[in-house]
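>>> Any chance you could fold what I've pasted below:
(chains A, B, C and D)
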Number of protein chains: 4
Amino acid sequence: MFSFKNDYSEGGHPNILNALLKKNLTQEEGYGLDQHTQNAISSIRRQVGASEADVHLIPGGTQTNLIAISAFLRPHEACIAATTGHIATHETGAIEATGHKLLNVNTIDGKLTPELIEPVLIDHHFEHMVKPKLVYISNPTELGTVYSKAELQNLHDYCRTKNLIFYADGARLGAALMSKNADVTLRDMYSLTDAFYIGGTKIGALLGEALVLRNADLKEEYRYLIKQRGGLLAKGRVLGIQFEELFRDNLYFDLALHGNDMAQHIATELEKTGCTFWIDSPTNQIFPVMENSVIEELSNQFQFYIWAKMDENRSAVRLVTSWATPREAVESFIQAYKKIVIRN
Amino acid sequence: MFSFKNDYSEGGHPNILNALLKKNLTQEEGYGLDQHTQNAISSIRRQVGASEADVHLIPGGTQTNLIAISAFLRPHEACIAATTGHIATHETGAIEATGHKLLNVNTIDGKLTPELIEPVLIDHHFEHMVKPKLVYISNPTELGTVYSKAELQNLHDYCRTKNLIFYADGARLGAALMSKNADVTLRDMYSLTDAFYIGGTKIGALLGEALVLRNADLKEEYRYLIKQRGGLLAKGRVLGIQFEELFRDNLYFDLALHGNDMAQHIATELEKTGCTFWIDSPTNQIFPVMENSVIEELSNQFQFYIWAKMDENRSAVRLVTSWATPREAVESFIQAYKKIVIRN
Amino acid sequence: MFSFKNDYSEGGHPNILNALLKKNLTQEEGYGLDQHTQNAISSIRRQVGASEADVHLIPGGTQTNLIAISAFLRPHEACIAATTGHIATHETGAIEATGHKLLNVNTIDGKLTPELIEPVLIDHHFEHMVKPKLVYISNPTELGTVYSKAELQNLHDYCRTKNLIFYADGARLGAALMSKNADVTLRDMYSLTDAFYIGGTKIGALLGEALVLRNADLKEEYRYLIKQRGGLLAKGRVLGIQFEELFRDNLYFDLALHGNDMAQHIATELEKTGCTFWIDSPTNQIFPVMENSVIEELSNQFQFYIWAKMDENRSAVRLVTSWATPREAVESFIQAYKKIVIRN
Amino acid sequence: MFSFKNDYSEGGHPNILNALLKKNLTQEEGYGLDQHTQNAISSIRRQVGASEADVHLIPGGTQTNLIAISAFLRPHEACIAATTGHIATHETGAIEATGHKLLNVNTIDGKLTPELIEPVLIDHHFEHMVKPKLVYISNPTELGTVYSKAELQNLHDYCRTKNLIFYADGARLGAALMSKNADVTLRDMYSLTDAFYIGGTKIGALLGEALVLRNADLKEEYRYLIKQRGGLLAKGRVLGIQFEELFRDNLYFDLALHGNDMAQHIATELEKTGCTFWIDSPTNQIFPVMENSVIEELSNQFQFYIWAKMDENRSAVRLVTSWATPREAVESFIQAYKKIVIRN
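Numbers count the residues shown, from 1 in each chain, chains lettered A, B, ... in the order given. Sure thing, here's the model as predicted:
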């Protein structure tokens, strides 16, 4: 039964696996000092348009977030995040486990704005409270929404004025950059944040995320911090080769585009039948609202998560596509849906 | 130039890469709930002879150690380790970063004994000092030495009597199990420790270590602890497939044996020329003592680390071989050495 | 200018200072093993009706909370607290600094109920989220409200059913126990919680809080945990003597009663003039709502905090009284208020 | 039975208790913002000769050390200390509990030198090891030995060259400053360290230590860090009044001198009988070596600790005197000793 549950159900893109195979027996330095990692870093520097960018390849996303945030903050400093932010919900308190409080902000669409952050700064005004010091966003958000360049610029300016570190979780960054109407590039992500990461796992790598540091204050002795948290793989080549391939010939962007296209195609076709959506997401995850009976029938043919209860009879489901989703699976879902809905 | 610097210079064993390729596009559950991880767990349970063993696959060794030790201890409890222990030297204070003190014990050969541990327990007798609670060993040790079954039994009995948790770091466990005169099996490692891990990275995996928990008290809610420290890969299949292959048809043991054989062959041949060794190691790392002039000449043809200064004229070097070391490289090293030594 | 800003503006009750003076030059054991601490522990055991209670005297409230909570939890376990809870707002992230997440619950009156806790448990259902394990309440709450025995019983039963630790912050516990209509005793606090503390600082001690542990699982090696967090004073007698005095001849309760009476007398008199209150508090802190012009005039004669803005013209102020508040100060405030209000 | 076990067996100096009593009912600001704390800070600034010094009053010594060290270091940075250092032995792993490794250095007399530190720096040369960043000394050391000004200057210069923070634990600082031949003043302690603390507890305060920060980089937002670790007492006046008194009319120095004199008088008299000492200490703790039979007899009349076994028949005992030790107790001990020794 085909699964639309997430974008990490398959392995890695064939180019990546072939490259791993091809380079397999060459001897390389360990711990990220290999030639492939150096090449990957060069590629990413070119993508962000900055030869001075520091780039570190780290096995997973939770690990990248906890290394970054705990490296950037003094003990009394806290991190502002949307209530729906991944670090605030689905990382088992990884940030707090390094000693730092999260200050959660309620948002409608998963996105932060200066207006939402301002009350937190005003409220936390003295030494009996933590000091807000870092703003965490996800782009796209956990709801599939995307920041525009103007919105990022606005947050960047605000953070600079308020002496806040601005950090972006890009677990699915490709999906944001390649979404319909998107006006943000990797160069923008770099120049508008202090640090961000480019997720590999959800876009065709077997594993691996690339943390990019722009703010010079955050760069110092960073490999110590990665090693201390267990993020330095002995065979760093495994990450290096993957990012080398992802940024060869636009593969990263092509894969992101495919993932988005698959989800958006479903969205467009469902909309034609009158289907509404819990939230408007232009990326590779969509949240159509369906009658519970429809959901039940579809569940016999496809795997997906029921995400939110709308009322007694209707729920929003989450459908996620990826670089690996075959067009046939998508068409087959659309037909199944239409058949059920029209019959009803 | 061929490198004897370590056992992680190459990628993964071809069987592993082929399996990754073959299973690549099948959809699997994420976060270690995939079928391959389940198979790997079953294989390891068979190897240790215990269907109730808890097995967790974790990307790296430092991460495995920090997750294990911080999960096992209350805040005031400390970990006893040899001064040469990996956690005590080359993990950038990862254990302390989770809040726990290491109590270091000086040893000659990197191995702990009840006699070496006893003074630590006697010394730490009240609440102004940490409470020693866990004994950490590496097998083989960082010096390439190996525990006998009697030694492990002795430590096991002692730890049980003293209510200490006994934990073994098996980053290179295969090398110990397959060393000359070895009488320890995976079953013994399981039954004689509370927990241990089977290293994958240094024996032919691209990455991955298998943590095995025997003590039921240590098992509870363990996946929470792995997730919190960033050790749960979304594509857990990547680890599952690798350990599935390592424990198919004795591959794990064959690879360990090859690594040992290569180093021991060098040792035997060097010994014939009168070469002595800094320490007697039966595993895949050896420490021949050479004239500095010999070292210098060899360095023009091979990469390796100078490990310890013996006197003004002589040093011990470290030579490490692995599953991937070609016999030709070894023969070539032996000949080069003999040529230099005989000429001198 | 007399201050109603808090209940720690003065030093200690004369009985306490006299006892410190009288016992001053007798030699005693250090670190809480002195005779006075033993006497204080015995007194508190009698008060809670349990000779097996473990009692520890700790310098401050934030320190008591962080020692207690970090001692009770494993790394992945979290603490549920009201959004207004002291640990959630005014302890500079002390709990998170020990590695644990707080899960905040919005309440109207600062009080938790099983109904408010239940959704947190339902929501946190798997290992990608922290595991809720401890319920923190303050009695009285930070809003001056008080738990009834039935409410505590209800929370106790719920926590037991759900395997949650139930912990009460009693920084101002005396004020709750001696409040109008209160039906909770120290025996109830003991039998209905797993652990709680009896605040000394805000009821006439110079410093010091008494942590009382009922749950046997929480008692083990507790002095290690206090020492590690810097909570074991060399001259533990300083805390011992103070709690010895507080629980001699009902002093603790008399002081609490006085503090409550002073605040409630103000409340009663203000109410007669038609004054309303932001929240109904029966303890030593009250929150009358006043015209801003009235507040301004009163500020010329008394110190107090403006607590919450009601509308353009009116705010709630916080008035806190204590064991040390002279009746004259209270009468003088009432008269000043009436004079201003009537004149207006 | 009179105790020479430590210097915190009695309460506080009468001046301190009288001042607490006299100022008791005046209302003051909380959390160290009271007038007495401000006065104490001014006094200490005058003593160290620097109006820009930051001074914080903290309840206990372990707490002061853990707040200082965890505030000064990034996560991967470690602290160098003598193996006998208080933080390395008798603080229950408090520093490690904040996430930082201690690097222990073996010394004969408890004192560090650049020559002892240098190998640690050389050894810790890359990111797989912690980064040594702070040098911790105690003055006097835990063995009662004292640093000369030249020795401190030497450490200061070395630390500056190597970019290390130099921090001194002054739990018994007065005893060092007032020891025979001492040439170090509070001004020197200030100008030669980045931060140090002046212990109050062991010199006549009921509790309280004064942390003095010179290095401007270490000062920022320090009250947040104190609050977070539970070190900000609501009634900060209790600490303020005590340090106000300690630095009024040289009381601090007079009390230190008395403590030293009492111990040194014993030392001089014992020496006359041929008694030798485990270590030569010019402060208020001395370590005479005695026949075990002598120790046993003395134990019937006085309390003290047996500190180290010399051989089958002889041990070193530790005798500690303080500001509160009566001359009669000292004379009585000397006579008892002489009587036993001469009779034997």
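
>>> Could I have the CA atoms of stretch A:148-159 written out in CSV?
Listed in CSV are the C-alpha atoms of stretch A:148-159, where the atom choice follows Å, rounded to 0.1, in the frame of the first residue of the first chain:
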residue,chain,number,x,y,z
SER,A,148,8.6,35.3,1.5
LYS,A,149,11.9,37.3,1.1
ALA,A,150,10.2,40.4,2.5
GLU,A,151,9.2,38.4,5.6
LEU,A,152,12.7,37.1,6.1
GLN,A,153,14.1,40.5,5.6
ASN,A,154,11.8,41.9,8.2
LEU,A,155,12.8,39.2,10.7
HIS,A,156,16.4,39.8,9.9
ASP,A,157,16.2,43.5,10.4
TYR,A,158,14.3,43.1,13.6
CYS,A,159,16.7,40.6,15.0
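
>>> what does that stretch contact?
The set of residues that contact stretch A:148-159 without belonging to it, under CB atoms under 8 Å, 6 or more residues apart in numbering or on different chains, is A:111-114, A:117, A:135, A:137, A:139, A:147, A:164-166, A:182-184, A:188-189, A:192-194. Yep, even glycine has a C-beta here, placed from its N, CA and C like the rest.

>>> In helices, which of the residues you listed fall?
Using DSSP state H, A:114, A:117, A:188-189, A:192 are the members of the contacts of stretch A:148-159 that sit in helices.

>>> hmm, which of the residues you listed are the buried ones?
When burial is judged by neighbour count using 16 or more other CB atoms under 10 Å in any protein chain shown, the buried members of those are A:114, A:117, A:188-189, A:192.

>>> Can you pick out the most distant pair from these?
When these are compared pair by pair using CB to CB, the farthest-apart members prove to be A:117 and A:188, with a separation of 19.9 Å.

>>> re the thing from before, among the buried ones among the ones in helices among the contacts of stretch A:148-159, which one sits closest to chain D?
When these are compared for distance to chain D (CB to the nearest CB), residue A:117 comes out closest, at 19.5 Å.

>>> picking up where we left off before, as JSON lines, the ones in helices among the contacts of stretch A:148-159 with distance to chain B would be great.
As requested, the ones in helices among the contacts of stretch A:148-159 are arranged in JSON lines below (distance: CB to the nearest CB, whole Å):
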{"residue": "A:114", "distance to chain B": "30"}
{"residue": "A:117", "distance to chain B": "26"}
{"residue": "A:188", "distance to chain B": "26"}
{"residue": "A:189", "distance to chain B": "21"}
{"residue": "A:192", "distance to chain B": "26"}
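
>>> now, which of these sits nearest residue B:224?
Ranked by distance to residue B:224 (CB to CB), the ones in helices among the contacts of stretch A:148-159 are led by residue A:117 at 30.3 Å.

>>> For burial, what's the neighbour tally of the closest residue in space to that closest one that isn't next to it in sequence?
Distance criterion CB to CB, 6 or more residues apart in numbering or on different chains; nearest residue to residue A:117, sequence neighbours excluded, is residue A:80 at 5.8 Å. Residue A:80 has 24 neighbouring residues, counting by other CB atoms under 10 Å in any protein chain shown.

>>> Helix, strand, or coil at residue A:80?
Local secondary structure at residue A:80 is given as strand here, using DSSP: H, G, I helix; E, B strand; the rest coil.

>>> residues in contact with residue A:71?
With contacts taken as CB under 8 Å, 6+ apart, residue A:71 has the following neighbours: A:218, A:222, A:225, D:74-75.

>>> just to revisit the earlier point, from the contacts of stretch A:148-159, list just the buried residues.
When the contacts of stretch A:148-159 are checked for burial by 16+ other CB under 10 Å, the buried set is A:111-112, A:114, A:117, A:135, A:137, A:139, A:147, A:164-166, A:182, A:184, A:188-189, A:192-194.

>>> thinking again about what came up before, my guess is the residue nearest to residue A:117 contacts residue A:101. True?
No. Contact status for residue A:80 versus residue A:101: not in contact, 10.0 Å apart, counting by CB atoms under 8 Å.

>>> quick revisit: quick check: ChimeraX command selecting the buried ones in the contacts of residue A:71.
Buried subset of the contacts of residue A:71, written as a ChimeraX selection, criterion 16+ other CB under 10 Å:
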select /A:218,222,225 /D:74,75
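
>>> Among the contacts of residue A:71, which ones lie close to chain B?
If you filter the contacts of residue A:71 for contact with chain B, counting by CB under 8 Å from any CB of the partner chain, you are left with residue D:75.

>>> now the contacts of residue A:71 as TSV including distance to residue C:12, pLDDT and secondary structure?
Output for the contacts of residue A:71, formatted as TSV (distance: CB to CB, whole Å; pLDDT from 0 to 100; DSSP: H, G, I helix; E, B strand; the rest coil):
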residue	distance to residue C:12	pLDDT	secondary structure
A:218	48	97	helix
A:222	50	97	helix
A:225	46	98	helix
D:74	41	98	coil
D:75	40	98	coil
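
>>> which one among the contacts of residue A:71 gets closest to residue A:282?
Set against residue A:282, the nearest of the contacts of residue A:71 by CB to CB is residue A:218 (30.6 Å).

>>> what's the residue nearest in space to the middle of chain A in contact with, if anything?
The structure's chain A has its C-alpha centroid closest to residue A:171; by CA atoms, centre = their mean the separation is 2.2 Å. With contacts defined as CB under 8 Å, 6+ apart, residue A:171 is in contact with A:61, A:86, A:138, A:197, A:199, A:201-202, A:209.

>>> If the closest residue to it other than its chain neighbours is in a bridge, with which residues?
With CB to CB, 6+ apart as the criterion, residue A:171 has its nearest non-adjacent residue at 4.0 Å, and that residue is residue A:199. With DSSP bridges as the criterion, the beta-bridge partners of residue A:199 are residue A:209.

>>> how about the residue of the stretch 51-200 of chain A found nearest chain B, secondary structure?
When distances are taken as CB to the nearest CB, the stretch 51-200 of chain A approaches chain B most closely through residue A:63, which lies 2.9 Å from it. When states are read from three-state DSSP, the local structure at residue A:63 comes out as helix.

>>> gap between it and residue B:234?
Spatial separation of residue A:63 from residue B:234 under the definition CB to CB, to the nearest Å is 11 Å.

>>> Who has more neighbours out of these two?
A side-by-side neighbour count of residue A:63 and residue B:234, using other CB under 10 Å, places residue A:63 first with 26 against 22.

>>> Next up, the contacts around that one.
A:209, A:229-231, B:229-231.

>>> From the residues you listed, which land in helices?
Secondary-structure check on those using DSSP H: no residue lies within helices.

>>> export the residues you listed to JSON lines and tack on pLDDT and neighbour count?
Converted to JSON lines, those look like this (pLDDT from 0 to 100; neighbours: other CB atoms under 10 Å in any protein chain shown):
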{"residue": "A:209", "pLDDT": "98", "neighbour count": "28"}
{"residue": "A:229", "pLDDT": "98", "neighbour count": "29"}
{"residue": "A:230", "pLDDT": "98", "neighbour count": "28"}
{"residue": "A:231", "pLDDT": "98", "neighbour count": "26"}
{"residue": "B:229", "pLDDT": "98", "neighbour count": "28"}
{"residue": "B:230", "pLDDT": "98", "neighbour count": "28"}
{"residue": "B:231", "pLDDT": "98", "neighbour count": "26"}
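
>>> Next, count neighbours for residue A:144.
Other residues within reach of residue A:144, judged by other CB under 10 Å, total 26.
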